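> Below are the sequence and a predicted model for it; my questions follow.
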Amino acid sequence: MIRVLVADDHAVVRAGVELALTGHDDVELTASVSSGAEAVALARERNPHVVLMDLEMPGLDGIEATRQIVRARAETRVVILTAFSDRPRVLRALDAGACGYLLKDVEPDDLVAAVRAAAAGDAPLAPKAAASVLVELRERHPSDELTRREAEVLALLGEGLPNKAIAGRLRISERTVKAHVSAVLRTLGVADRTQAALWAERHGIGNPQ
């Protein structure tokens with residue numbers, strides 16, 4: 001069962017999202033809140049698998065709420081659900097740790113599919129958000145900003161290795177690998193390890209020696 005928390009300050013939007021999530025055997029609405037602060041508090045209390053997060057909310061906004069949730073519960077997947085598709089917001093949200101970015105005109109069935117995808121470790125992105133990410137990746141060459149160890153981790157991500165295998169290859173702990181992976185994702189500006197692996201392939205990041 002996929003536990004979902006919804007955070008949006010508009011009651012009508014929350015009601016629509018709740019309705020879209022209703023009636024699915026594998027999806028459970030665990031909380032529906034109107035602020036970022038409530039989202040952070042209930043994410044810690046109820047351990048949702050997926051958070052559907054609005055960006056513009058009074059007090060703690062969706063970006064900072066996302067950052068705090070991901071920092072406290074790395075296993076929780078935050079998907080932004082917003083009306084804004086401009087590039088700076090998309091990139092800030094992904095940089096804060098969101099794994100996906102959807103627009104509020106998404107069809108109900110597509111929203112549920114995105115929840116399932118996020119829970120499975122994928123990165124659901126609206127086409128406009130994906131375009132923003134691709135433009136950013138084309139314009140940047142952030143591999144120069146990686147440390148030697150982070151570059152080694154990125155190369156092994158490119159091989160499709162899980163954290164345990166990377167830890168064994170580099171003779172470091174899985175916890176250290178996890179920290180390096182998070183740093184790599186932030187530096188590259190990508191949402192998950194799959195995107196990092198594709199980035200490594202596109203940019204010819206070779207295997208560490």
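In hand now; what should we look at? Numbering: from 1, shown residues only.

> in this structure, which residue is closest to the centre?
Using Cα atoms, centre = their mean, the residue of the chain that lies closest to the mean C-alpha position is residue 99, 1.4 Å off.

> Please name the residues that touch it.
Contacts for residue 99 (Cβ atoms under 8 Å, 6 or more residues apart in numbering) come out as 77-79, 118, 122-124, 191-192. Heads up, the C-betas are built off the backbone N, CA and C, glycines and all.

> State the pair within these that is farthest apart.
78 and 122 (13.5 Å; Cβ to Cβ).

> which of those two has more neighbours?
Between residue 78 and residue 122, residue 78 has the larger neighbour count (other Cβ atoms under 10 Å), namely 29 against 16.

> per-residue confidence at residue 144?
We have a pLDDT of 65 for residue 144.

> Now do residue 71 against residue 176, distance only.
17 Å (Cβ to Cβ, to the nearest Å).

> And the two? Which one has more around it.
Legend: neighbour count by other Cβ under 10 Å for residue 71 and residue 176, higher for residue 176 (15 against 12).

> what helix or strand does that one sit in?
helix 174-188 (DSSP states H and E).

> Show me what that helix is packed up against.
When contacts are defined as 3 or more Cβ pairs under 8 Å, 6 or more residues apart in numbering; DSSP states H and E, helix 174-188 sits against helix 148-158, helix 163-170, helix 193-202.

> I'd like those as JSON lines, with mean pLDDT, mean neighbour count and distance to residue 64 appended.
Formatted as JSON lines, these follow (pLDDT from 0 to 100; neighbours: other Cβ atoms under 10 Å; distance: least, Cβ to Cβ, whole Å):
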{"stretch": "helix 148-158", "mean pLDDT": "90", "mean neighbour count": "21", "distance to residue 64": "25"}
{"stretch": "helix 163-170", "mean pLDDT": "92", "mean neighbour count": "16", "distance to residue 64": "27"}
{"stretch": "helix 193-202", "mean pLDDT": "83", "mean neighbour count": "18", "distance to residue 64": "23"}
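
> By mean pLDDT, point me to the weakest helix or strand of this protein.
helix 127-139 (a mean of 71; mean pLDDT, DSSP states H and E).

> Low-confidence stretches in the chain?
For the chain, the stretches flagged by pLDDT under 70 are 134-144, 206-209.

> Can you say which of the helices and strands packed on helix 174-188 is nearest to residue 30?
Relative to residue 30, the nearest member of these by Cβ to Cβ is helix 193-202, separated by 25.8 Å.

> In CSV, could you pull the C-alpha coordinates for that closest one?
Below are the C-alpha coordinates for helix 193-202, written out as CSV (Å, rounded to 0.1, in the frame of the first residue of the first chain):
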residue,chain,number,x,y,z
ARG,A,193,20.2,8.0,-9.8
THR,A,194,18.6,6.9,-13.1
GLN,A,195,19.0,10.5,-14.4
ALA,A,196,22.5,10.6,-13.0
ALA,A,197,23.4,7.4,-14.8
LEU,A,198,22.0,8.8,-18.1
TRP,A,199,24.0,12.0,-17.5
ALA,A,200,27.2,10.0,-17.0
GLU,A,201,26.6,8.1,-20.2
ARG,A,202,25.8,11.2,-22.3
